[in-house]
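> build the 3D model from these lines:
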Amino acid sequence: MVRWRCGVNHLLIVGIATSLLITTSFWLRCGEDTETQSSSPLNTEALLSDEDDDDIPDDPIIPSLPVNQPPDSMSPQQQQQYRQIECRINDEYSVPCRREKNEVYLPFSFINRYFEVYGKLVGGEGGDDQHFDWQHSYSRVYPPHDNYTPEGVFMSFAHYNVEVRDRVKCISGAEGVPVSTQWGAQGYFYPIQIAQYGLSHYSKFLTEDQPVTLTVEDAEDGDVTKWSFNGAGSAKNVLDTDTNSRVIEFHASESLSTPEVSLTLPSDASSNFFLSFDIKFLNNGSVGVVLSVDGKAHQTFTIFYVRSNVMISFKGSEIFYGIGSNTKWTSITRDIQTDYIKGMTHKYSKNKKKVSRMTLHRLVRVDFYGSGHVDNVVLRSAHHLAQFYYAADWLMRHQDHRGGWPITVTRKLADGQLELAPGWYSAMAQGQAISVLVRAYLRTKRRDYLAAALRSTAIFDIPSSSGGVRATFLDQYPWYEEYPTTPSCFVLNGFVYSLIGLYDLKTVAASSPPPAAAASEPGRLFDEGMASLKALLPLFDTGSGSVYDLRHFALTGAAPNIARWDYHATHVNQLLLLSQIDDDPLFVSVSQRWIGYMKGKRSPHN
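Predicted coordinates for the structure are as follows:
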């Protein structure tokens, strides 16, 4: 609430005293519940930005609010003490307020929208521990705990959960990476999202405890006593000539109506929702995973992984993912919980509450259809490295002849004034892909990862007007564009992500034996970019926050594109990282000032 002391011409923010809780509980109607991260109770999915500035909120000012009458439970004396009064806002509209002697209280529901501040009641209703938690920002800064290195955690990405985002349609069964619907409802592969998926799981691998691992079948004991059969189904332990190891050979009907070969999973592995197995199909086979789900009633669902190119579909209590048509040995790792949630979200797209009530209890069994060989069936509580390598290998397979990862959908910015046709490149995609590939190289020592990262630098020298990502500000400062439009936008966070990737590569290339010319390119590009950042960073400071880009310099009459708090926090996190790899005091001073903005501080007036 806000109070106005009569005779004084300024508004003061009032703390919610315990003695007033009975009154404020009727006034404080905080803004709509927002999606939160487990690490921050007031956070939306902060820092998980795929750079969709189309969802920057419109003017939050609400022209009118309902009149609140004093609650019936108030005594006449209390109702007289808290007298309703009209508050006129800038001579434009009114809101109902309440006066107590020389104080005037405004409802927080109005303050929330008008000033874009956030708050909620915390603690038990009416309890002594109840208080009102007020925050200027819904987002959070994650200061780096260790010095940044190319083989270490990537920024705050250990807190990212890319696969649970609404704009992720599913995790592809064939590719093992997210399918985005951010700018195309049909679903497409978005390199930025895929790189973030890889970096988040790599960072989780380094920061989380070792996962629980349970081997269900490795074919080493020479029998099939763990298996069950119906009809003509059969399985036997054989020596596979391709791998020269013992495997389980199965034969069953290809029809999904009745399972004939099944592997029952341990009942005590209820929290192990990651299923891995190696498989080689001998004909048109499939794999079905039977799930036990808790809801209003106990139910079972089956997720089928079928040899097709279908992205995701459902029928009744069955969900289908296509895993391609490979007939060679393939290692498959699936996060069954995510596959289940994405399938149910598509099925009940208009009833998300129903999905939230149906929680996965455990994996019951794995059914095999058709004929094939299977080995190394393992349940885990997590498998971050497998998910990281899915991203790294996708980047390897889909890099084009120019060294880039083209984006296959149209992107419109600035209310449609700027447009990128399918096939455009993004410096942010290039930079984050480099950070993935460098880490894959450092873990495996496979030189093809490093070679792909080095090839990707060519795009940074190609002008945006010629299909690359290089723009120039005031004909002097090179800038690597997240969105290479004409005229240029000069997006800040995408540019810094590209610099971090170039730093990763220049650091590793300096200690590796690639060709001398190739090894020097990332260092040159990084140095040029850092010089531009130091010169232009003050342009992104509003005195109370930061701007997302510099479109107001490029587009005639355009207003500054103020960064949402999650983007602002990303800017701060990036500057804190840069302060570790560059000793210029600029990065420390600006990051500290920008952290202050998140606490309501402002630059002084003249």
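
> check contacts around Val290.
Contacts for Val290 (CB atoms under 8 Å, 6 or more residues apart in numbering) come out as Thr300, Phe301, Thr302, Leu363, Val364, Arg365, Val366, Asp367. All C-beta atoms are positioned from the backbone trio N, CA, C, and that covers glycine.

> before we move on, what about Trp479?
With CB under 8 Å, 6+ apart, Trp479 has these contacts: Arg470, Ala471, Thr472, Phe473, Ser488, Phe490, Phe495, Gly529, Ser532, Leu536.

> and the residues you listed, which of them are buried?
For the contacts of Trp479, a neighbour count by 16 or more other CB atoms under 10 Å gives the buried set as Arg470, Ala471, Phe473, Ser488, Phe490, Phe495, Gly529, Ser532, Leu536.

> now the residues you listed in CSV, with distance to Thr207?
Shown next, in CSV, are those (distance: CB to CB, whole Å):
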residue, distance to Thr207
Arg470, 35
Ala471, 36
Phe473, 37
Ser488, 37
Phe490, 33
Phe495, 27
Gly529, 28
Ser532, 32
Leu536, 33
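
> make JSON lines out of those residues and add secondary structure and pLDDT.
Formatted as JSON lines, the buried ones among the contacts of Trp479 follow (DSSP: H, G, I helix; E, B strand; the rest coil; pLDDT from 0 to 100):
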{"residue": "Arg470", "secondary structure": "strand", "pLDDT": "98"}
{"residue": "Ala471", "secondary structure": "strand", "pLDDT": "98"}
{"residue": "Phe473", "secondary structure": "strand", "pLDDT": "97"}
{"residue": "Ser488", "secondary structure": "coil", "pLDDT": "96"}
{"residue": "Phe490", "secondary structure": "coil", "pLDDT": "98"}
{"residue": "Phe495", "secondary structure": "helix", "pLDDT": "98"}
{"residue": "Gly529", "secondary structure": "helix", "pLDDT": "98"}
{"residue": "Ser532", "secondary structure": "helix", "pLDDT": "98"}
{"residue": "Leu536", "secondary structure": "helix", "pLDDT": "98"}
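
> out of those, which is nearest to Thr330?
Nearest to Thr330 among the buried ones among the contacts of Trp479: Phe495, at 38.4 Å, using CB to CB.

> lowest average confidence, helix or strand, in this structure?
Ranked by mean pLDDT, DSSP states H and E, the weakest helix or strand in the chain is strand 11-13, scoring a mean of 35.

> all helices of the stretch 401-550 of the chain, in order?
427-444, 447-455, 492-510, 516-536 (DSSP state H, counting those that start in this stretch).

> next one: the chain
For the chain, the helices defined by DSSP state H cover 21-27, 76-81, 108-115, 191-207, 336-347, 352-357, 384-398, 427-444, 447-455, 492-510, 516-536, 551-554, 565-581, 585-597.

> got these as CSV, with distance to Val238 columns?
Listed next are the helices of the chain as CSV, based on distance: least, CB to CB, whole Å:
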stretch, distance to Val238
helix 21-27, 70
helix 76-81, 83
helix 108-115, 66
helix 191-207, 34
helix 336-347, 28
helix 352-357, 42
helix 384-398, 26
helix 427-444, 31
helix 447-455, 33
helix 492-510, 44
helix 516-536, 47
helix 551-554, 64
helix 565-581, 52
helix 585-597, 61
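
> looking at those helices, which is closest to Tyr142?
Closest to Tyr142 of the helices of the chain is helix 565-581 (CB to CB; 5.9 Å).

> now do the closest one: which elements does it pack against?
Under the contact definition 3 or more CB pairs under 8 Å, 6 or more residues apart in numbering; DSSP states H and E, helix 565-581 sits against helix 492-510, helix 585-597.

> what's the most buried one of these?
Neighbour counts (mean count of other CB atoms under 10 Å) averaged over each of the helices and strands packed on helix 565-581 peak at helix 492-510, with a mean of 25.

> that one vs helix 191-207, what angle?
Helix 492-510 runs at 60 degrees relative to helix 191-207, counting by axes from the mean of the first three to the mean of the last three CA atoms, to 10 degrees.

> on that earlier part again, and Asp133, which of the helices and strands packed on helix 565-581 is closest to it?
Going by CB to CB, the one of the helices and strands packed on helix 565-581 nearest Asp133 is helix 585-597, 18.6 Å.

> list of residues touching that closest one?
With CB under 8 Å, 6+ apart, helix 585-597 has contacts from 136, 141, 534, 537, 541, 544-546, 568, 571-572, 575-576, 578-579, 603.

> again, only this time at 10 Å
136-137, 141, 143, 533-534, 537-538, 540-546, 563, 565, 568-569, 571-581, 601-603 (CB atoms under 10 Å, 6 or more residues apart in numbering).

> circling back: same list (the helices and strands packed on helix 565-581) but as JSON lines, adding distance to Val95.
Formatted as JSON lines, the helices and strands packed on helix 565-581 follow (distance: least, CB to CB, whole Å):
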{"stretch": "helix 492-510", "distance to Val95": "36"}
{"stretch": "helix 585-597", "distance to Val95": "26"}
